[in-house]
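> Quick one: sequence plus predicted model below, questions after.
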Amino acid sequence: MRRKIGFIVAGIFLATLFTFTWAPAPVTAGPISLNYANFPPAPTFPCVQMERWKKEVEKRTNGKVAIKTFPGGTLVKAKGMMDGVIAGTADIGCLCMAYQPGRFMITNAIALPLGLPNSEVSSLALWDLYNKYKPKGFANVKVLTMFTTAPSNIMSKIPIRNLGDLKGVPIRASGGAAQILKAWGANRVGMPMPQTPEALQKGVVKGLFSSLEVMKDFKFAELCKYVTMTQTPVYPFAVVMNMDAWNKLPKDVQKVFDDLRLEQCKWTGDYMDKHVIESMDWSKKNQGVEVIELSKAEKAKWDNLLDPITAKWIETNKAKGLPAQAIVNDIKAFAKKHQ
Ligand code: 3IO
């Protein structure tokens, strides 16, 4: 009896060993699962576009690909997004280029004060810019899409009606937007968007400089009762994928991702532009927010202070070996083409 059991056990053991060692790889491996990291909370536009992309991918691959989304910096945080994707902590990540300005010199040029009119036009211009220059900063990843915010405006706890009102006031901004605030004499405070609610609450900053959909999505309208219209600059974003994870994808899935790149750029720009309008309607009606339009004479003063910024950027970056003048000319031409 003992012997018989011994034989059976050995038989099962050998059969198992054989199955796992010699069986050919299964033909259908079940869905391909990919982690997608994002840094701000779920209701904000970077996450809304992420959920839209996930839905499209799962539909267009007939369930062959499953995307697991991680909003709110739960998988990778704002400043670590690019390195997190390169290291494979996340397969896919959404990043704001303004948080690492020196790393994305060429694409961050879209955040110069060039008067880009809205998110859709500047998103499409950014996509053209990326494709023309293929910047080294993105060489180690697969770029899945890019887009920008709508133009920035000042949201504040105190009314800012002229340059005097802004002088020395601590306002949060990052990257190119921070340079612009500095030119206007504000005390710019740099930090990623997710840290801004607490900084406003504690009074570390008296306002922020970004696109206006955040008035609703972060409920900033509850604290910032004033918006001063400046309509410049935009913040550029990228969605990037780990290169090994990309290379492992079947060709038909790669095609679905590639076909979505420009479409997602345009979709996000369009969503952003519409959502800014909704956000400001809510802010005015439900939160009593005052929108301050600068007078013509005042606006001219603000614009004069911005004039040297682009010229200086061109000079500095030409010295570093970048075709800086061509980059600026291209952005203007791309924007005109899409307008
Ligand atoms: C932004 C970042 C995260 C969520 C919503 C947002 N709307 C505009 C931005 C731009 C930005 O990154 C910033 O720092 O102002």
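Right, received. Where do you want to start? Numbering: from 1, shown residues only.
> The stretch 151-300 of the chain: strands as residue ranges?
In the stretch 151-300 of the chain, the strands defined using DSSP state E, counting those that start in this stretch lie at 153-156, 170-172, 187-189, 207-210, 226-228, 236-242, 290-292.
> Highest mean neighbour count out of those strands?
Highest mean neighbour count among these (mean count of other CB atoms under 10 Å): strand 207-210, with a mean of 28. Every C-beta, even on glycine, is put in place using the N, C-alpha and C of the backbone.
> Report the contact partners of the residue in the stretch 201-339 of the chain that the ligand sits nearest to.
Of all residues in the stretch 201-339 of the chain, Ser210 sits closest to the ligand, at 3.4 Å by CB to the nearest ligand atom. Taking CB atoms under 8 Å, 6 or more residues apart in numbering, we find Ser210 in contact with Thr149, Ser152, Asn153, Met155, Ala173, Ala177, Met193, Tyr235.
> same deal with Pro43?
Applying CB under 8 Å, 6+ apart, the residues near Pro43 are Asp217.
> Any stretches of this protein with poor pLDDT?
For the chain, applying pLDDT under 70 flags the ranges 1-29.
> Try it again at 50.
Applying pLDDT under 50 to the chain flags the ranges 1, 8-27.
> tell me which residues of the lengthiest helix in it are tucked away?
Selection of the longest helix in the chain by residue count, based on DSSP state H, yields helix 251-287. By 16 or more other CB atoms under 10 Å, the buried positions in helix 251-287 come out as 253, 256-257, 260-262, 264-269, 271-273, 275-276, 279-280, 283, 287.
> quick one: what helix or strand has Gly93 in it?
Per DSSP states H and E, Gly93 falls inside strand 92-96.
> what about the helix or strand just after that strand, near the ligand?
Following strand 92-96 in sequence order, the next helix or strand is helix 105-108 (DSSP H and E). No - judged by CB under 6 Å from any ligand atom, helix 105-108 and the ligand are separated, with a smallest distance of 12.1 Å.
> would a markdown table of the contacts of Ser210 with distance to Gln49 be doable?
Below are these laid out as a markdown table (distance: CB to CB, whole Å):
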| residue | distance to Gln49 |
| --- | --- |
| Thr149 | 11 |
| Ser152 | 18 |
| Asn153 | 21 |
| Met155 | 22 |
| Ala173 | 22 |
| Ala177 | 20 |
| Met193 | 15 |
| Tyr235 | 14 |
